[in-house]
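Participant: Turn this into a model:
(2 chains)
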Amino acid sequence: MSHEYVPEIATDRDGNEHVVQGWQDDFYGGKLGFWLFMFTEVMMFGAMFLTLAYYNALHPQDFIEASAGLNRWLGGFNTVILLISALTMGLGLLKMRSGDVKGAKLMIIATIILAIIFLGVKAVEWTHEYEHGIFLGLPAMQGGHEDSMPFGKILFFGMYFTMTGLHGFHIIIGIGLMIWLLKRMNAGKVTPEHHILHWNIALYWDIVHLIWVFVFPYYYMIGAGVSVATGGHHGH
Amino acid sequence: MATKNVNYNEEKGLYYKVLFGLLLLTAVTFIQPHLFLAGSSFVPQMIIAVIKAYLIVIYYMHLKGEKLIISMVWFTLFLVTVFFIIIIGIDVANFQFGAESYITAPTAHH
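Facilitator: Predicted coordinates:
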């Protein structure tokens, strides 16, 4: 049995044997440790949001105009996709806790499919932006170049590619974690009685969703009023 | 030891209710520029995001009733507010390095 606990024995200087306390079943400790990890994630993305807000304060008009140029419908579609994936992940954990391992696996597979759809839409968006000459390293995004955009827009799109790229990287890691979780479940090492791994990967997926909850409005929606006021969608 | 077993059919309703709330709030983010504060979407958009984040953290991330972790969240928010937003906000309000800055246009010295 994979979870059978073999106690470790320590011997003191008088030759007395003591059983070393094992922490393998410390569910709360496992959860607390993962929350500490998630605080580091919040700090990393928080520092990026802070940078974004700093740039925004220096170049408010450029930021609103750059935001108006993003495709809000694709961003909104991805928001809904992530939202539903958070539901499937949560229901998967609930199924696991209620003893339905097969149902939990199906929910995790559904989450993986939704995550792949998210990445596909993101790839379409980035491709459109690249075709419009907006991407890291292209002339439009290099200050001082004759084709360069206004300075605030360069900062906006620089942060946009950095943050959505890092977020997308987290999605890819999440897919890897879910595949690993499925393997552990198939091997009988994650069970309704021992599901801390499932619990923590579900938490990871929620933090990835949570970050998008702020990425989406800050990039896609702050310039929405401009498009409304001028009667249409701004192209790149 | 893991948490005690739960009844799937009894608890799934909450997940669907939260999903409905999050979808509703997402819809509000789209109609907000057409309905109110069209010229300054930033503040209403961020308020909606905070409400969505609250729903996710409390219900999907199971923080309801977790006093220790909730107090850690509040403490972290307090630190971020004081050191990052207030102190750096004062710096931004008095930006004085336009001439040698890499985050403002080379020609637009403040």
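Participant: for chain B, which helix is longest?
Facilitator: The residue-count maximum for a helix in chain B (DSSP state H) belongs to helix B:8-35.
Participant: Determine if any part of that helix is in contact with chain A.
Facilitator: Yes: residues of helix B:8-35 contacting chain A under C-beta under 8 Å from any C-beta of the partner chain: B:8, B:11-12, B:15-16, B:19, B:22-23, B:26, B:29-30, B:32-34. From N, CA and C alone the C-beta is placed, and that goes for glycine too.
Participant: Packing partners of that helix?
Facilitator: With contacts taken as 3 or more C-beta pairs under 8 Å, 6 or more residues apart in numbering or on different chains; DSSP states H and E, helix B:8-35 sits against helix A:72-97, helix A:224-229, helix B:42-55.
Participant: So the longest one, near chain B or not?
Facilitator: So that's helix A:72-97. Yes: using C-beta under 8 Å from any C-beta, helix A:72-97 reaches chain B at A:72, A:76, A:79-80, A:83-84, A:86-87, A:90-91, A:94-95, A:97.
Participant: Can you show me the strands along chain A?
Facilitator: A:9-11, A:17-19 (DSSP state E).
Participant: mean confidence score for the last one?
Facilitator: Read it as strand A:17-19. Averaged across strand A:17-19, pLDDT comes to 88.
Participant: what sits up against that strand?
Facilitator: A:7-12 (C-beta atoms under 8 Å, 6 or more residues apart in numbering or on different chains).
Participant: now the residues you listed in a markdown table, with pLDDT, neighbour count and distance to B:Leu77?
Facilitator: Converted to a markdown table, the contacts of strand A:17-19 look like this (pLDDT from 0 to 100; neighbours: other C-beta atoms under 10 Å in any protein chain shown; distance: C-beta to C-beta, whole Å):
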| residue | pLDDT | neighbour count | distance to B:Leu77 |
| --- | --- | --- | --- |
| A:Pro7 | 77 | 9 | 42 |
| A:Glu8 | 83 | 10 | 40 |
| A:Ile9 | 87 | 9 | 45 |
| A:Ala10 | 89 | 9 | 42 |
| A:Thr11 | 91 | 9 | 48 |
| A:Asp12 | 91 | 8 | 46 |
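Participant: residue ranges with poor pLDDT in chain B?
Facilitator: B:1-5, B:37-39, B:98-100, B:104-110 (pLDDT under 70).
Participant: Okay, domains of it per the record?
Facilitator: B:8-64, B:67-110 (automatic domain parsing).
Participant: Tell me which of those sits most buried.
Facilitator: domain B:8-64 (a mean of 16; mean count of other C-beta atoms under 10 Å in any protein chain shown).
Participant: what angle do the longest helix of chain B and helix B:42-55 make?
Facilitator: 180 degrees (axes from the mean of the first three to the mean of the last three C-alpha atoms, to 10 degrees).
Participant: for helix B:8-35, the distance to its chain's centre please.
Facilitator: In terms of C-alpha atoms, centre = their mean, to the nearest Å, the centre of helix B:8-35 is found 16 Å from the chain centre.
Participant: those helices in chain A, which residues are they?
Facilitator: A:27-58, A:60-68, A:72-97, A:101-131, A:151-186, A:196-216, A:224-229.
Participant: can I get those in CSV with mean pLDDT, distance to B:Leu79 and mean neighbour count?
Facilitator: Shown next, in CSV, are the helices of chain A (pLDDT from 0 to 100; distance: least, C-beta to C-beta, whole Å; neighbours: other C-beta atoms under 10 Å in any protein chain shown):
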stretch, mean pLDDT, distance to B:Leu79, mean neighbour count
helix A:27-58, 89, 10, 16
helix A:60-68, 90, 26, 21
helix A:72-97, 95, 27, 22
helix A:101-131, 96, 31, 17
helix A:151-186, 96, 22, 18
helix A:196-216, 96, 18, 22
helix A:224-229, 64, 32, 19
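Participant: do you know which of those helices lies nearest B:Val92?
Facilitator: helix A:27-58 (4.8 Å; C-beta to C-beta).
Participant: who's in contact with the residue nearest to the spatial centre of chain A?
Facilitator: By C-alpha atoms, centre = their mean, chain A has its centre lying nearest to A:Val208, at 2.5 Å. By C-beta under 8 Å, 6+ apart, A:Val208 lies in contact with A:82, A:167, A:170-171, A:174.
Participant: Ok, A:Gly103 next?
Facilitator: Per C-beta under 8 Å, 6+ apart, neighbours of A:Gly103: A:92, A:95, B:8.
Participant: who touches the closest residue to A:Ile84 other than its chain neighbours in this structure?
Facilitator: Among residues not flanking A:Ile84 along the chain, A:Leu114 sits closest, at 6.1 Å (C-beta to C-beta, 6 or more residues apart in numbering or on different chains). The contact partners of A:Leu114, taken as C-beta under 8 Å, 6+ apart, are A:81-82, A:84-85, A:88.
Participant: about what we covered before: got JSON lines for the strands of chain A, with distance to A:Ala57 too?
Facilitator: Formatted as JSON lines, the strands of chain A follow (distance: least, C-beta to C-beta, whole Å):
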{"stretch": "strand A:9-11", "distance to A:Ala57": "58"}
{"stretch": "strand A:17-19", "distance to A:Ala57": "59"}
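Participant: Go through these and name the closest to B:Gln45.
Facilitator: Going by C-beta to C-beta, the one of the strands of chain A nearest B:Gln45 is strand A:17-19, 56.5 Å.
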